[in-house]
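In: Here is the input, now give the coordinates:
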Amino acid sequence: MLCSSKIIMFVMVIFTLFSGTQTTNAQLRNQWIIVDSSSDYFNFGICYADNDNIITMAQNVHNYNIIKRTNDGGKSWNMIYLDSTKLEKWESFAYPSKDKIIITGEDREVIYKGKHQDFHKEYGLLIISIDSGKTWSKINLDSNSRLSDIVMLDDNYGIARKTVLGNYFNPDAYNTNDSILITEDGWQTWRAVPIPYELKGKIGQLKCFEKNIFFMKIFDYNADKSNLYISEDGGLNWTISDAPYYSEKIKFIDRNTGWAIGRTDTIFKTTNGGQTWSFQRYIEPGKSWMVFTDLDFADEMHGIVVGFDKLILITSDGGETWYRENPPLNIQSHSIVEWVIYPSPDAAYTIYDAYKIIKRTNNKILKAPTIKRKIFANLVPIAGNLLEWDKIEGATHYELLTYKKNRDSTSILATFQYVKNYIVTDTNLTLDTLEYNMAYQFKIRAYNDSLSSEWNQDTKILCTLESQNALSVPDIIYPEPYSDLYYPSKMTMRWSSNENVDSYEMILYETDIISKIILIHETDLKDTSYYVDILSPLTDYILSVRSKRNDTLSEWANSYFLTEQSTDIVESESKQPDNMIKIIPNPATSTCKILLYNKPMNITSMKLYNSIGVELADLTKALQLKYGEKELELNLSSLSNGVYFVVVRDRQSTFSKSFIVIK
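Out: Coordinates of the predicted model:
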């Protein structure tokens with residue numbers, strides 16, 4: 001039910017009374033520390049028994065499979081298992097208690113040693129320790145099989161997936177069902193339940209909610225969709241529901257509550273066991289997409305999502321909001337966080353670039369500043385450049401380090417040389433002493449009397465003009481460089497008008513990040529704008545523009561941008577409210593529906609106002625609609641007769657729609 005303005009005013013007063021401490025805490029972050037940086041091992045999995053007992057599955061430099069363990073929260077690590085035969089192929093492992101460790105995979109027997117290749121016969125493999133890795137037992141199952149996806153609810157009850165392998169000895173493997181193996185005595189014995197044959201080769205994940213309640217994430221390449229198969233009778237029967245499209249990994253913390261990550265930029269949540277999913281998102285300014293690799297939740301409130309470019313996202317409210325935490329500075333620039341475990345809200349561990357293990361501690365530090373990216377879009381002159389960053393609450397000053405190298409360096413790995421550090425109390429600094437034909441990088445962190453932040457993680461490069469006589473580079477105005485907006489498929493692209501310029505050359509590319517295709521190439525534009533109406537939805541593009549004077553050309557200015565999901569949307573200044581939302585019925589009495597002509601996931605806020613501009617309700621949370629829905633129903637029982645406005649903000653603009661309540 002909608003709240004009255006008096007109630008909302010009361011809540012705002014209460015919030016104001018406490019906002020002093022809440023605002024101070026809002027930009028504190030937990031510190032991450034490196035607990036293992038050995039380059040002798042490449043980790044490809046991590047799991048836990050509790051906060052302090054952690055194991056990793058790894059290979060050393062000789063490609064021997066090993067298990068490393070810490071029992072003191074990462075202070076020390078010991079190798080507790082090594083397979084020097086190179087015949088074991090590990091798939092998954094479990095650590096249900098500090099004493100019991102189980103590894104699954106396949107064991108291979110050399111049948112024939114060829115000149116260039118050995119030929120093997122495979123056996124399903126279980127490797128088990130019941131004394132914290134002091135001793136191990138090895139069990140080979142059926143030939144021509146592989147075990148994976150092991151899940152242990154405790155030391156005794158667990159499941160694993162057995163895949164039938166095709167080879168010279170088993171040519172009919174593709175016609176044979178795979179199966180779920182179930183144990184209730186810690187793999188002393190087990191029973192097999194066939195997996196429906198039509199799912200062969202389509203299983204992405206097999207997990208266990210609780211005893212005899214399983215789920216499988218299925219991706220059907222032919223149908224181009226994901227499904228969730230759930231069994232409540234030990235795999236004998238299955239119910240099917242839609243899984244989030246292109247969901248990479250799913251994590252359930254109980255029978256009803258779970259989260260899924262998409263390939264890029266999207267987080268989903270279910271509260272009814274996967275029957276329906278709602279959107280949860282983290283949008284980082286300056287990036288149109290991010291790549292997620294893993295997720296874990298300690299409980300229903302505390303979760304972590306990790307990914308490319310040192311990405312660590314934290315939620316402490318069940319995914320309602322997400323914020324970023326930074327790894328230590330000595331993590332490489334483009335590191336990938338590949339796995340994460342979150343045993344409890346007090347501890348988390350991730351694996352970076354396969355060999356570094358870092359741990360989240362309870363030490364509080366300031367949030368790291370983010371340098372605003374627009375300055376990096378073009379080559380700049382040597383003076384008058386304004387470098388800006390976001391304000392960090394609680395910080396009294398900032399330390400900025402500058403580095404440089406020659407733009408003509410033959411190697412992209414040429415080292416940046418330290419130039420100077422600045423102590424700044426404001427959130428900007430004018431750069432007036434740069435040099436021509438140089439590339440600059442910056443590091444910044446925040447301070448107060450007792451705390452500091454990590455250094456920022458951005459590695460963008462600022463480049464100066466080649467010489468004093470170089471032709472100035474145009475500034476692209478729309479689509480804005482390094483914006484976090486989605487852009488329409490029909491729009492007027494614009495750039496600045498520079499002095500002493502005869503014309504402009506413009507190229508529009510379609511790109512998949514790896515390659516690019518020229519869509520439009522104009523070599524002699526007199527105007528500083530260009531209308532385009534041929535863009536496809538949800539597609540990456542690059543706009544490149546440069547100045548021309550006689551035979552002299554400037555460097556290119558570039559803007560990378562992503563288009564909206566709908567081909568019917570035009571640029572933000574031309575949007576009409578009626579094209580974005582519709583309210584029915586209008587006039588309304590007791591209820592009405594808001595119909596959305598934009599994806600709910602693209603809308604950042606929706607609020608209800610009365611005719612004199614008083615906010616009556618924040619409807620943003622209600623926009624976490626079921627996957628695929630585009631309407632929201634409002635209860636109007638608390639509203640009196642009058643005119644009201646629904647004000648919606650998406651990633652490009654703000655627009656509104658009025659409606660009348662008559663009772």
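In: secondary structure class for the residue nearest the centre of the chain?
Out: Centroid-nearest residue in the chain: F292, 3.7 Å away (criterion: Cα atoms, centre = their mean). When classified by DSSP: H, G, I helix; E, B strand; the rest coil, F292 comes out as strand.
In: Could you report the distance from it to S554?
Out: 38 Å (Cβ to Cβ, to the nearest Å). Bear in mind the C-beta positions are built from the backbone N, C-alpha and C, glycine included.
In: Likewise for Y541?
Out: 21 Å.
In: again, but for F268
Out: 45 Å.
In: Please look at Y174 and T163 and confirm they touch.
Out: No. Y174 lies out of contact with T163 (Cβ atoms under 8 Å); the separation is 11.1 Å.
In: More neighbours: which of the two?
Out: T163 (22 against 11; other Cβ atoms under 10 Å).
In: who touches the more buried one in this structure?
Out: S145, R146, L147, S148, D178 (Cβ atoms under 8 Å, 6 or more residues apart in numbering).
In: Now go through those residues and say which are in strands.
Out: Counting by DSSP state E, the contacts of T163 place S145, R146, L147, S148 in strands.
In: Could you give the bridge partners of the first one?
Out: Same thing as S145. When assigned by DSSP bridges, S145 has beta-bridge partners V164.
In: Stretch 160-179: end-to-end distance?
Out: 9 Å (Cα to Cα, to the nearest Å).
In: Equivalent analysis for stretch 307-317, please.
Out: By Cα to Cα, one end of stretch 307-317 lies 20 Å from the other end.
In: what do you get for stretch 370-383?
Out: Terminal-residue distance, stretch 370-383 (Cα to Cα): 22 Å.
In: now it: mean pLDDT?
Out: Stretch 370-383 carries an average pLDDT of 85.
In: Stretch 46-61 too?
Out: The model assigns stretch 46-61 a mean pLDDT of 93.
In: which other residues reach that stretch?
Out: Outside stretch 46-61, the residues touching it (Cβ under 8 Å, 6+ apart) are 40-45, 65-74, 80, 82, 90, 93-98, 101, 103, 339, 341, 343-344, 346-347, 349, 351, 357.
In: Which segments of the protein make up each domain?
Out: 476-563, 575-661 (automatic domain parsing).
In: looking at the ones you listed, which one has the lowest mean pLDDT?
Out: Among those, domain 575-661 scores lowest, with a mean of 70.
In: beta partners for the residue nearest to the centre of the chain?
Out: Beta-bridge partners, per DSSP bridges, of F292: G307.
In: again with E633
Out: K593.
In: For it, give its distance to K593.
Out: 5 Å.
In: Ok, S605 next?
Out: S605 is 19 Å from K593, by Cβ to Cβ.
In: Within the helices and strands, which one has C463?
Out: According to DSSP states H and E, C463 maps onto strand 462-463.
In: Quick check: next helix or strand after that strand?
Out: Next along the chain from strand 462-463, counting by DSSP H and E, comes strand 476-478.
In: Please name every helix or strand in contact with that following strand.
Out: strand 491-495, strand 557-563 (3 or more Cβ pairs under 8 Å, 6 or more residues apart in numbering; DSSP states H and E).
In: what lines up beside the first one in the sheet?
Out: Spelled out, that is strand 491-495. strand 476-478 (antiparallel), strand 529-532 (antiparallel).
In: Verify the stated contact: L508 with I542.
Out: Yes. Assessed by Cβ under 8 Å, L508 is found in contact with I542 at 7.4 Å.
In: So between those two, which is more surrounded?
Out: Between L508 and I542, L508 has the larger neighbour count (other Cβ under 10 Å), namely 21 against 18.
In: where does the more buried one land in three-state SS?
Out: strand.
In: Show me what it bridges to in the sheet.
Out: I520, L543.
In: if I look at it, how far off is K404?
Out: 32 Å.
In: ok, back up a step: nearest to E393 among the ones in strands among the contacts of T163?
Out: S148 (46.7 Å; Cβ to Cβ).
In: List the contacts of the nearest residue to that closest one once chain neighbours are set aside.
Out: Of all residues not flanking S148 in the chain, E91 sits nearest, at 3.7 Å (Cβ to Cβ, 6 or more residues apart in numbering). For E91, the contacting residues are T104, G105, E106, R146, L147, S148, D149, by Cβ under 8 Å, 6+ apart.
In: remind me which residues of the stretch 101-250 of the chain are low pLDDT?
Out: Filtered on pLDDT under 70, the stretch 101-250 of the chain yields the residue ranges 168-169, 223-224, 245-246.
In: all strands for it, in order.
Out: 101-113, 118-129, 137-143, 145-152, 158-164, 179-183, 191-194, 203-210, 213-220, 225-231, 239-242, 247-252 (DSSP state E, counting those that start in this stretch).
In: what's around the residue lying closest to S529 once chain neighbours are set aside, how many residues?
Out: Of all residues not flanking S529 in the chain, R494 sits nearest, at 4.6 Å (Cβ to Cβ, 6+ apart). Taking other Cβ under 10 Å as the neighbour definition, R494 ends up with a count of 19.
In: need the contact list for R494.
Out: Contacts of R494 (Cβ under 8 Å, 6+ apart): I476, I477, Y478, T528, S529.
In: do I507 as well
Out: Applying Cβ under 8 Å, 6+ apart, the residues near I507 are I518, I520, H521, E522, L543, S544, V545.
In: wait, doesn't the fifth one sit right on M491?
Out: In this case it means L543. No. Using Cβ under 8 Å, L543 is not in contact with M491, being 10.5 Å away.
In: which neighbours do the two share?
Out: Common neighbours of L543 and M491 (Cβ under 8 Å, 6+ apart) are P479.
In: neighbour count winner among the two?
Out: L543 (25 against 22).
In: wait, which of the strands of the stretch 101-250 of the chain is closest to D408?
Out: strand 247-252 (41.1 Å).
In: thinking again about what came up before, now the strands paired with strand 491-495 as JSON lines including mean neighbour count?
Out: Shown next, in JSON lines, are those (neighbours: other Cβ atoms under 10 Å):
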{"stretch": "strand 476-478", "mean neighbour count": "19"}
{"stretch": "strand 529-532", "mean neighbour count": "14"}
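In: could the ones you listed go into CSV alongside distance to C463?
Out: Converted to CSV, the strands paired with strand 491-495 look like this (distance: least, Cβ to Cβ, whole Å):
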stretch, distance to C463
strand 476-478, 16
strand 529-532, 25
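In: any idea of the pLDDT on the closest residue to D296 other than its chain neighbours?
Out: Excluding its sequence neighbours, the residue lying closest to D296 (Cβ to Cβ, 6+ apart) is Y342, at 4.1 Å. As predicted, Y342 sits at a pLDDT of 98.
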